[in-house]
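In: This is the structure alone, sequence omitted:
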């Protein structure tokens, strides 16, 4: 989540700061319940079952190349 926030911060040219876990609900509101849950994921099953071979950039590279002027 930190790397995603940092990529958005770079694109939007805004500072990104860490907050304490106990401040998450005040800062994020209802979204805090999602922000504080660790949900690791993998594309292994999709790659195997669908014979998927991604060719594009990874998530952070894609966010870094996004046109944030439309945001």
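Out: Everything's here; your move. Given the structure is predicted, the values throughout are model-derived calculations rather than measurements.

In: What is the subsequent helix or strand relative to the longest helix anywhere in the chain?
Out: When every helix of the chain is counted residue by residue (DSSP state H), the longest turns out to be helix 2-12. Past helix 2-12, further along toward the C-terminus, the next helix or strand under DSSP states H and E is helix 24-28.

In: Pull out the buried positions in the helix or strand that comes right after that following helix.
Out: Sequence-wise, the next helix or strand downstream of helix 24-28 (DSSP H and E) is helix 32-35. For helix 32-35, a neighbour-count test (16 or more other Cβ atoms under 10 Å) marks residue 32 as buried. (C-beta placed from N, C-alpha, C; glycine too.)

In: Who are the packing partners of helix 32-35?
Out: Using 3 or more Cβ pairs under 8 Å, 6 or more residues apart in numbering; DSSP states H and E as the contact criterion, the elements in contact with helix 32-35 are helix 24-28.

In: Against which helices or strands is the helix it packs on packed?
Out: Here helix 24-28 touches helix 32-35, going by 3+ Cβ pairs under 8 Å, 6+ apart.

In: And the average pLDDT for the helix or strand that the helix it packs on is followed by is what?
Out: On the C-terminal side of helix 32-35, the nearest following helix or strand under DSSP H and E is helix 44-50. With pLDDT averaged residue by residue, helix 44-50 scores 94.
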